[in-house]
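1. could you look at this predicted model? Sequence included:
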Amino acid sequence: MLRSLVLATLATAAAGTAGLTPLPPALSSSPDTLTVTVEKSGDSRTDGTFRLACGERAEGDHPAAEVACGRLGRLAEEGGDPFRPVPRDQMCTQVYGGPALAHVTGVWRGREVDARFSRANGCEIDRWKNLEPLLPLVRG
């Protein structure tokens, strides 16, 4: 028992040093429900506001509901927070990925989400790509 606790503590510390903050398990069994608003993506099929619910099955009008829920499930297993903003002191390449913007609100793993995304620099582009296909594939 003590060995398991020590190993869990070490794993948590290691994840923290890698820039990931482990999230607690989902607080309820209700499905993840997100609203995704995308604009200026360069594709009228992916611009707009879409609803996504990930539970027993994917529901909503998100254009890639099944694969988006699959990606969110994998991210949950990894334990990080893909909705966390880029830290203010993070060094980022000054690469512009285009004017696309996204806003994600709702509940993921029992936690409130209110996250904004852009493609303004290398860090923001990576953050966007991490959530594809929840956020659409965009060519900069």
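-> Received, thanks.
2. middle-most residue in this structure, spatially?
-> In the chain, the centroid-proximal residue (C-alpha atoms, centre = their mean) is Pro82; its distance is 3.5 Å.
3. tell me the contacts of the nearest residue to it once chain neighbours are set aside?
-> Spatial nearest neighbour of Pro82, excluding adjacent residues (C-beta to C-beta, 6 or more residues apart in numbering): Leu75 at 5.0 Å. In this view, the C-beta of every residue, glycine as well, is placed from N, C-alpha and C. Taking C-beta atoms under 8 Å, 6 or more residues apart in numbering, we find Leu75 in contact with 82, 130-131.
4. quick check, pLDDT for Leu75.
-> What the model reports for Leu75 is a pLDDT of 95.
5. is it correct that it falls within a strand?
-> No - using DSSP: H, G, I helix; E, B strand; the rest coil, the secondary structure at Leu75 is helix, not a strand.
6. and it, how far from Phe50?
-> 18 Å (C-beta to C-beta, to the nearest Å).
7. again with Pro31
-> From Pro31 to Phe50 the distance is 15 Å (C-beta to C-beta).
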